[in-house]
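# got a predicted structure here, sequence first:
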Amino acid sequence: MSQTTAPHRTAEIERNTLETQIRVTLDLDGSGEGRFRTGVPFLEHMLDQIARHGLIDLDIAAEGDLHIDAHHTVEDVGITLGQALAKALGDKRGIRRYGHAYVPLDEALSRVVVDLSGRPMLTYNVDYTRALIGGFDVDLLREFFQGLTNHAALTLHIDNLRGLNAHHQAETVFKAFGRALRMAVEPDARMGGVTPSTKGAL
């Protein structure tokens, strides 16, 4: 007897402004494959953590005004990724909705909690031990998550609980986000296709 497989939840979004041109393709039911061309190597390293630990196939191409700085590119990648997540999730029937993860990397430890609530809210508590990782401004990581949160319409709590190395702090945040998101988007057989909310909609 043949077994039917549910179609993958995919999305492709293009966002073009005077500052950036971005295309994001994702598959929530992928295997963690990532392909990134943004011109911002540290951002690409972090995006790869989301893909690998979230088991999300991600293809992100961005051209931005990097001659000014990386701000617009990093923020707009977050916005476009958030839009793609929202599209791929659709009406969110039958998913777990909530996800959480603790991830260590040597001395660093971060906790991320996700609620695919339909209500954008970011709580971000990361006190980086230095302002730059290589040439990358760590302030931009908050801008990335703010853009993603607003456009995916999710509630996101990010807490770096400890860390001495800023690279380790950032990496644990992104790995934990990928793990928490993976849990939240997972189909829940016990939900039976029902929207996980007493309101009946998210």
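All right, it came through fine. All values reported here derive from a predicted model rather than from experimental measurement.

# isn't residue 146 up against residue 76?
No - using C-beta atoms under 8 Å, residue 146 is not in contact with residue 76; the gap is 11.6 Å. For glycine as for every other residue, the C-beta is placed from the backbone atoms N, C-alpha and C.

# mean confidence (pLDDT) on the helix or strand hosting residue 168, please.
Using DSSP states H and E, residue 168 falls within helix 166-185. For helix 166-185, mean pLDDT rounds to 98.

# same check on stretch 64-74?
97.

# chain center to that stretch, what's the gap?
Using C-alpha atoms, centre = their mean, to the nearest Å, the mean C-alpha position of stretch 64-74 is found 19 Å from that of the whole chain.

# how about stretch 34-46?
That offset, for stretch 34-46, works out to 13 Å (C-alpha atoms, centre = their mean).

# what of stretch 57-65?
14 Å.

# for it, buried residues please.
Residues 57, 58, 59, 60, 61, 62, 64 are the ones in stretch 57-65 that count as buried (16 or more other C-beta atoms under 10 Å).

# same deal with stretch 7-16?
For stretch 7-16, using 16+ other C-beta under 10 Å, the buried residues are 9, 11, 13, 15.

# what's the answer for stretch 159-175, then?
Going by 16+ other C-beta under 10 Å, stretch 159-175 has these buried residues: 159-160, 163, 165-175.

# any idea where the helices of this protein begin and end?
Using DSSP state H, the helices of the chain run over 41-54, 71-89, 139-152, 166-185.

# nearest to residue 120, of those?
helix 139-152 (4.7 Å; C-beta to C-beta).

# hmm, back to that, any idea which of the buried residues of stretch 159-175 is closest to residue 197?
residue 159 (24.9 Å).

# who does that closest one form a beta bridge with?
Partner residues in beta bridges with residue 159, using DSSP bridges, are residue 111, residue 125.

# my read: it touches residue 110, true?
Yes - if you go by C-beta under 8 Å, residue 159 and residue 110 touch, sitting 6.6 Å apart.

# what do those two both touch?
Contact with both residue 159 and residue 110 is made by residues residue 126, according to C-beta atoms under 8 Å, 6 or more residues apart in numbering.

# what angle sits between the helix holding residue 168 and helix 139-152?
10 degrees (axes from the mean of the first three to the mean of the last three C-alpha atoms, to 10 degrees).

# what packs against helix 166-185?
Helix 166-185 sits against helix 41-54, strand 98-105, strand 108-115, strand 132-133, helix 139-152, strand 155-162, with contacts defined as 3 or more C-beta pairs under 8 Å, 6 or more residues apart in numbering; DSSP states H and E.

# these into JSON lines, with extra columns for distance to residue 125 and mean pLDDT?
Output for the helices and strands packed on helix 166-185, formatted as JSON lines (distance: least, C-beta to C-beta, whole Å; pLDDT from 0 to 100):
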{"stretch": "helix 41-54", "distance to residue 125": "18", "mean pLDDT": "98"}
{"stretch": "strand 98-105", "distance to residue 125": "14", "mean pLDDT": "98"}
{"stretch": "strand 108-115", "distance to residue 125": "10", "mean pLDDT": "98"}
{"stretch": "strand 132-133", "distance to residue 125": "18", "mean pLDDT": "98"}
{"stretch": "helix 139-152", "distance to residue 125": "10", "mean pLDDT": "98"}
{"stretch": "strand 155-162", "distance to residue 125": "5", "mean pLDDT": "98"}
